[in-house]
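> Sequence first, predicted model second:
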Amino acid sequence: MTDQQAKSIAESRVTLSAMMGPQDTNALGNVHGGVIMKMVDEVGGLAAMRHARAPVVTVVIDSMTFVEPVRVGNLVQCSAELTYAGRTSMEVRVEVLTENPITGTSSITNTAYLVYVALDPEGRPTPVPPLLYTSDEQRERAQRAQERQAYRKAQRAKEHA
């Protein structure tokens with residue numbers, strides 16, 4: 001693995017918030033999925049950079065289901081935390097919460113898992129610190145992350161066979 005000091009999930013947790021305006025929406029007043037996806041990738045990348053203390057690139061964005069529409073005027077909060085760290089890659093879980101700031105009602109509209117790879121100054125993959133799990137929930141998420149990673153590798157092998 002690496003001789004770097006293990007880091008807790010809390011050390012790299014990030015939340016990114018933005019109010020959705022008319023420029024973010026379609027003619028029905030719904031926020032474009034791409035706007036949400038961009039926020040998800042940005043906050044996920046920030047969490048990965050905080051953990052690695054290095055630049056990162058996005059390798060995979062697992063499927064993202066839009067449970068309900070996000071509307072113009074909503075506050076969107078994307079919260080990211082690592083679920084797993086490999087040798088050079090990291091899986092990040094991003095949860096998207098949408099709030100109507102007038103009524104105070106909020107709901108989780110999306111959850112996504114993304115994989116990033118840390119880069120050295122020459123742009124090559126570089127080792128990242130191990131992830132320290134401090135709760136049963138974190139250990140459970142790490143187990144599911146390892147299963148997703150094994151599935152991704154198997155899919156990639158099928159595609160290149």
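Noted; the coordinates are in hand.

> Show me where the chain has its helices.
33-52, 136-159 (DSSP state H).

> possible to save those helices as a markdown table with mean pLDDT and mean neighbour count?
Bear in mind the C-beta positions are built from the backbone N, C-alpha and C, glycine included. Output for the helices of the chain, formatted as a markdown table (pLDDT from 0 to 100; neighbours: other CB atoms under 10 Å):
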| stretch | mean pLDDT | mean neighbour count |
| --- | --- | --- |
| helix 33-52 | 97 | 20 |
| helix 136-159 | 92 | 13 |
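
> What are the contacting residues of stretch 39-53?
Stretch 39-53 has contacts (CB atoms under 8 Å, 6 or more residues apart in numbering) with 7, 11-16, 18, 55-56, 58, 61, 64, 76, 78-82, 85, 90, 92, 94, 96, 110, 112, 114, 116, 118, 126, 128-129, 131.

> at 7 Å what do you get?
Contacts with stretch 39-53, where a contact means CB atoms under 7 Å, 6 or more residues apart in numbering, come from 7, 11-14, 16, 18, 55-56, 58, 61, 76, 78, 80-82, 85, 90, 92, 94, 96, 112, 114, 116, 118, 128-129.

> For ChimeraX, write the select line for the buried members of those.
This is how ChimeraX selects the buried members of the contacts of stretch 39-53, with burial counted by 16 or more other CB atoms under 10 Å:
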select :7,12,13,14,16,18,55,56,76,78,80,81,82,85,90,92,94,96,112,114,116,118,128,129
